[in-house]
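> I would like the atomic coordinates for the input below:
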Amino acid sequence: MTQRILRLAAWLALAAILFVTVSPIGLRPHDVMPVDVDRALAFCVVTALFALSYPRHWLAIGLAIIVGAFAIEWLQELSPTRHARLDDALVKAAGAFVGLCLARLVQGVRDRSGTQGVSLAP
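Numbering: from 1, shown residues only. Predicted structure coming up:
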């Protein structure tokens, strides 16, 4: 059950990132964080969710999302109101790397404690 929730959350987070990245600038949500923190955090979360959802494929997931950060940034060239920037892609890739490291840390703790999933029961 928890694995399904993690996978659903991962795919929804990826869809949200794709929408926010390639949609016209007017549809982009506004928050109180600096944009670089926002970008890095989004990619950190999505990478961690995918790596925890598919633990046997963590390396492929990490590489795919890091490469995907550059590809998603490049997709902005399709929108006349957006622009692709290398430094934005690097911030996204760094966030993905941190998310991958955090997921591996969590997975290592889970493996050492003998739990396979996160228990939602008290």
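
> List the contacts of the helix or strand harbouring residue 4.
Using DSSP states H and E, residue 4 sits within helix 2-22. Counting by Cβ atoms under 8 Å, 6 or more residues apart in numbering, the neighbours of helix 2-22 from elsewhere in the structure are 27-29, 42-43, 45-46, 49-50, 52-54, 72-73, 75-76, 78-79, 82, 117-120. Placement of C-beta: from N, CA and C, glycine included.

> tell me what the strand or helix carrying residue 105 is packed against?
Residue 105 is part of helix 86-113, with elements assigned from DSSP H and E. Identification of packing neighbours for helix 86-113 by 3 or more Cβ pairs under 8 Å, 6 or more residues apart in numbering; DSSP states H and E yields helix 35-53, helix 58-75.

> Any chance of JSON lines for those helices, columns distance to residue 91, mean pLDDT and mean neighbour count?
Conversion of the helices and strands packed on helix 86-113 to JSON lines gives the following (distance: least, Cβ to Cβ, whole Å; pLDDT from 0 to 100; neighbours: other Cβ atoms under 10 Å):
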{"stretch": "helix 35-53", "distance to residue 91": "5", "mean pLDDT": "94", "mean neighbour count": "22"}
{"stretch": "helix 58-75", "distance to residue 91": "9", "mean pLDDT": "92", "mean neighbour count": "17"}
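
> Dump the ones you listed to CSV, plus distance to residue 95.
Written out in CSV, the entries for the helices and strands packed on helix 86-113 read as follows (distance: least, Cβ to Cβ, whole Å):
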stretch, distance to residue 95
helix 35-53, 3
helix 58-75, 8
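
> what's the closest of those helices to residue 106?
Nearest of those to residue 106, taken as Cβ to Cβ: helix 35-53 at 6.4 Å.

> what's the angle from that closest one to helix 2-22?
Orientation of helix 35-53 against helix 2-22 (axes from the mean of the first three to the mean of the last three Cα atoms, to 10 degrees) gives an angle of 150 degrees.
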